[in-house]
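*Asks:* give me a model of this one.
(chains A and B)
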Amino acid sequence: MDDLSANLFRLISLQDSNTRSVLLGTTILGIASGTIGSFSVLRKRALIGDALSHAALPGICIAFILVGSKSTNALLLGALLATTVGILTISLLRSFTRIPEDSIIGIVLSTFFGAGIMLSSLIQQQGIGNISGIETFLYGKTAAMTNSDVTTILIISSITAIIAIMLFKEFLLLCFDKDFAQASGWPTTAIDLILMALTMAIVVVGLQAVGVVLVIALLITPAVTARLWTDNLKTMVIISAISGGISGFVGTIISALFPLIPTGPIIVIVAALLFSLSFIFAPSKGLVAKLFVSKEMILPSSLSNQDDH
Amino acid sequence: MIIDYSDISIIAAAVLAATSCSVLGVFLVLRRDALLGDAISHAILPGLAFAYLATQSRDPLPMFIGAAIFGILTAYLAQFISRNCSIDKNASLGIVFTTLFAIGIITIRIAADSIDLDPGCVLYGLLELTPIDTLTIYDTEIPRAIIILGTMLLINLLFVILFYKELVITSFNEHHALAIGINTTLVHYLLMSAVAATSVAAFESVGSILVVALFIVPAATARVLTDRLSLTFAIAIFTAISSSVIGYFIAKSLNSSVAGTITTVSGMILLTAVIFSPTYGLVAKFYKLLKERVRIYCEDILGLLYRLQKEEIPTFSPTPRNIKRALGGGVYYILAIALLRLRKNVRINRRHLYKLTRRGFKEASQIVRSHRLWEAYLAQALALEPDHVHKSATTLEHFTSDQMAEELSAELGGSTTDPHGKKIP
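*Replies:* Now for the predicted structure:
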């Protein structure tokens, strides 16, 4: 047990050089995804990240076939191109067909991913190469992140978060009253596309950290947690970023202490714990607070009923 | 290509899975619950892991029960959270299924020594192994996947037939359903249970990604092609079955993953429907728009030539170049002129000028008549200034039937000139 606490201290004080860069990467990723996630949750686009993360797979496979090696940057570029095609498909289906939005997300998610599985099975049986490079994108490889991976995460996350903060007013208008924004002459379509592009950037860098399924948890869970604490968008973005950062940091520390626990999933679980605590205890919106409120509401009405008799 | 027993059993399993999923998918797409299939097929992972830990075997029954519990739990928790959090149901769904999936992966990783369960096979499925994994019933060997999926299809069909009215009414108008005394919550959870059970039954053989695709893609294809619910079912089932069959043979010839290929084929079928659907397709929409634009352009040419011929504007000679300059060139000009000459409304004289034929003159006078009637009417009825009515009349003249023109004329009480003093033809 002393061993454990000594280890814990070493990790938190950033003395362990292996964990230090990974910690930095996951924390920054958590902060950035918390920031972007607030907007996409309020825009009711929570699961668009799900479609985009799955849409990356065929791009990764094609990049793999073309480049042949396991060059991470080539694979990232492939992922980026495929998710761009995914975004375009979503926008086109939304404007030109009458398929509901959630179905469109499901369609892009499943068909792109299906095409990716088809391609990766072809890669495997053609013997073009070992597809373990592709597999890391499916389940994440946080513990094995190299310094250059962390640098990529740092750069893209920071740029994304800065753009989101610069466009705060535009995003606010878009999330709360798109029609008003459009009527006042804001280029809402362009703003919407920028928000989707930022989501895409987070998804693509998040893929290698936590994998295709769990990356959307980073976008959604901290944002909904923050929503429970406040009605003010600025406060919500700050709380969401903090809660995302904490999830990344604490999750990475836990998995460094217990090597059996994979990093991506434990980050998601920490985020979910923060959410559950808020869900129960948040002032005015938590379950406990609601319990008291509803009791207060019942009492006067039952009294007034007695008065009637 | 020789089709043998193993081909037939794999196709049969795929077709059974496709039909079971697409029947429920029609309602999921209608109810905006399309992503539940996706969420449930991921969220059942801890159920499978716990069942494996408890029984130390791959015995299907405990695994089915474990998965079904977590599937229904997902639907329930998502509903509970979104009701208490003032966020939309997809966001709460996202929280629930990612958390459960993470719990599943951690459980599998920690107990890796005792669980022989690959998260990858949950995604891709093992459709290729259908003919090998068999059960013996009355001395006949039947692939297990076919028995499970066949039972599931029967249950789903029975469910949809028994609750058809309730499902339809709650999907289209929940408030109306409540008002006429349908227990909408019960219907919702019954549907969710059916979705959960189908995901669990299908994922092992076809993989969760194909389950997600089969829930949504065929139903969306039908939605693009028709408005009728009965046809929606027929088209969804037909699309699902043809994706399975075509996908299987492509996969066999390429030697690629069957589940991945079927999903890709279903996507291609949807894409074809989106482009070529006779009512809502892109081509149909584009053609309709083009036809309208060309009609308006034709009418503008006729009106222009009429005014030139009738009112002698000496500075303007109707050469192709001048017309293009006045009305805008491009594709619409080419198509409109071609159409007018085909209909013998316009001819080109020896000096390369456009002239109206007798038939064209008649058509053109109708249009100019509409234009001037509208100008007169707008000036009279709405008391607009004469110099304000031209623009509105230019739009309205293209959408005026003969009967409407007569009524306008009657409203004007026999007035024969427009506000600019020009004669109404």
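*Asks:* what residues of the helix or strand where B:A201 lies count as buried?
*Replies:* Per DSSP states H and E, B:A201 falls inside helix B:184-206. Residues B:187-192, B:194-206 are the ones in helix B:184-206 that count as buried (16 or more other Cβ atoms under 10 Å in any protein chain shown). Glycine gets a C-beta too; all of them are placed from N, C-alpha and C.
*Asks:* next up, phi/psi of B:L356, please.
*Replies:* Phi and psi for B:L356, reported as degrees, to the nearest 10, are phi -80, psi 140.
*Asks:* what about the helices in the stretch 101-250 of chain B?
*Replies:* Using DSSP state H, counting those that start in this stretch, the helices found in the stretch 101-250 of chain B span residues B:119-124, B:144-162, B:164-172, B:174-179, B:184-206, B:208-225, B:229-254.
*Asks:* show me what from the stretch 1-150 of chain B comes close to chain A.
*Replies:* B:29, B:32-35, B:37-38, B:42, B:81, B:84-88, B:90-95, B:98-99, B:101-103, B:105-106, B:109-110, B:119-120, B:123-124 (Cβ under 8 Å from any Cβ of the partner chain).
*Asks:* list buried residues within these.
*Replies:* Buried positions within those, assessed by neighbour count (16+ other Cβ under 10 Å), are B:29, B:32-35, B:37-38, B:42, B:81, B:85, B:87-88, B:90-95, B:98-99, B:101-103, B:105-106, B:109, B:119, B:123-124.
*Asks:* among the residues you listed, name the ones in strands.
*Replies:* Assigned to strands by DSSP state E, none of these qualify.
*Asks:* quick check: closest non-adjacent residue to B:I180.
*Replies:* Leaving aside its sequence neighbours, B:I180 sits nearest to B:I169 (Cβ to Cβ, 6 or more residues apart in numbering or on different chains; 7.4 Å).
*Asks:* tell me the angle of the helix holding B:A201 relative to helix B:208-225?
*Replies:* 120 degrees (axes from the mean of the first three to the mean of the last three Cα atoms, to 10 degrees).
*Asks:* pLDDT of the helix or strand A:T160 falls within, averaged?
*Replies:* Using DSSP H and E, A:T160 sits within helix A:147-166. Mean per-residue pLDDT for helix A:147-166: 89.
*Asks:* repeat for stretch A:291-303
*Replies:* 58.
*Asks:* then stretch A:200-211?
*Replies:* 86.
*Asks:* tell me which residues of the helix or strand harbouring B:S9 are tucked away?
*Replies:* If you go by DSSP H and E, B:S9 is part of helix B:5-30. Residues of helix B:5-30 classed as buried: B:9-30 (neighbour count, 16+ other Cβ under 10 Å).
*Asks:* pLDDT score for the residue in the stretch 151-300 of chain B positioned nearest to chain A?
*Replies:* Nearest to chain A in the stretch 151-300 of chain B, going by Cβ to the nearest Cβ, is B:T263, at a distance of 2.5 Å. In this model, B:T263 is scored at 92, pLDDT.
*Asks:* distance of B:L342 from B:A364?
*Replies:* To B:A364, B:L342 is 16 Å away according to Cβ to Cβ, to the nearest Å.
*Asks:* show me what the helix holding A:T160 is packed against.
*Replies:* Counting by 3 or more Cβ pairs under 8 Å, 6 or more residues apart in numbering or on different chains; DSSP states H and E, the packing neighbours recorded for helix A:147-166 are helix A:17-42, helix A:72-96, helix A:188-210.
*Asks:* out of those helices, nearest to A:A51?
*Replies:* Closest to A:A51 of those is helix A:72-96 (Cβ to Cβ; 6.1 Å).
*Asks:* that older thread, and the residue nearest to B:I180, how far is that from B:Y280?
*Replies:* B:I169 sits at a distance of 25 Å from B:Y280 (criterion: Cβ to Cβ).
*Asks:* just checking, next helix/strand downstream of the helix holding A:T160?
*Replies:* For helix A:147-166, the succeeding helix or strand toward the C-terminus, using DSSP H and E, is helix A:168-176.
*Asks:* beyond that following helix, next helix or strand please.
*Replies:* Helix A:168-176 is succeeded, C-terminally, by helix A:178-183 (DSSP H and E).
*Asks:* quick check: buried residues in that next one?
*Replies:* A:178, A:181.
*Asks:* re the thing from before, from the chain's centre, how far out does the helix holding A:T160 sit?
*Replies:* Distance of helix A:147-166 from its chain centroid, counting by Cα atoms, centre = their mean, to the nearest Å, is 14 Å.
*Asks:* need the contact partners of that helix.
*Replies:* Outside helix A:147-166, the residues within contact range by Cβ atoms under 8 Å, 6 or more residues apart in numbering or on different chains are A:21-22, A:24-25, A:28-29, A:31-33, A:35-36, A:39, A:72-73, A:76, A:145, A:171, A:194, A:198, A:201-202, A:204-205, A:208-209, A:237, A:241.
*Asks:* swap in 7 Å and give it another go.
*Replies:* The contact list for helix A:147-166 (Cβ atoms under 7 Å, 6 or more residues apart in numbering or on different chains) reads A:21-22, A:24-25, A:28-29, A:31-32, A:35-36, A:39, A:72, A:171, A:198, A:201-202, A:205, A:208-209.
*Asks:* number of residues surrounding the residue lying closest to B:F361 once chain neighbours are set aside?
*Replies:* Of all residues not flanking B:F361 in the chain, B:Y306 sits nearest, at 7.0 Å (Cβ to Cβ, 6+ apart). Neighbour count for B:Y306, taken as other Cβ atoms under 10 Å in any protein chain shown: 22.
*Asks:* what is the neighbour count of the residue in the stretch 1-150 of chain A positioned nearest to chain B?
*Replies:* As assessed by Cβ to the nearest Cβ, chain B sits closest to A:G114 within the stretch 1-150 of chain A, at 2.5 Å. For A:G114, the count of nearby residues is 31 (other Cβ under 10 Å).
*Asks:* angle of the helix holding B:A201 against helix B:229-254?
*Replies:* Relative orientation of helix B:184-206 versus helix B:229-254 (the same axes, to 10 degrees): 20 degrees.
*Asks:* can you show me the CA trace of helix B:184-206 as PDB?
*Replies:* Listed in PDB are the C-alpha atoms of helix B:184-206, where the atom choice follows Å, rounded to 0.1, in the frame of the first residue of the first chain:
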ATOM      1  CA  THR B 184     -47.300   4.600 -24.600                       C
ATOM      2  CA  THR B 185     -44.700   3.800 -22.000                       C
ATOM      3  CA  LEU B 186     -45.500   0.100 -22.200                       C
ATOM      4  CA  VAL B 187     -45.400   0.200 -26.000                       C
ATOM      5  CA  HIS B 188     -42.000   2.000 -25.900                       C
ATOM      6  CA  TYR B 189     -40.500  -0.500 -23.500                       C
ATOM      7  CA  LEU B 190     -41.900  -3.500 -25.400                       C
ATOM      8  CA  LEU B 191     -40.300  -2.100 -28.600                       C
ATOM      9  CA  MET B 192     -37.000  -1.400 -26.800                       C
ATOM     10  CA  SER B 193     -37.100  -5.000 -25.400                       C
ATOM     11  CA  ALA B 194     -37.600  -6.300 -28.900                       C
ATOM     12  CA  VAL B 195     -34.700  -4.200 -30.200                       C
ATOM     13  CA  ALA B 196     -32.500  -5.400 -27.400                       C
ATOM     14  CA  ALA B 197     -33.400  -9.000 -27.900                       C
ATOM     15  CA  THR B 198     -32.800  -8.700 -31.600                       C
ATOM     16  CA  SER B 199     -29.500  -7.000 -31.200                       C
ATOM     17  CA  VAL B 200     -28.400  -9.700 -28.800                       C
ATOM     18  CA  ALA B 201     -29.600 -12.500 -31.100                       C
ATOM     19  CA  ALA B 202     -28.100 -11.100 -34.200                       C
ATOM     20  CA  PHE B 203     -24.800  -9.600 -33.000                       C
ATOM     21  CA  GLU B 204     -23.100 -13.000 -32.400                       C
ATOM     22  CA  SER B 205     -23.700 -14.200 -35.900                       C
ATOM     23  CA  VAL B 206     -23.700 -10.900 -38.000                       C
END
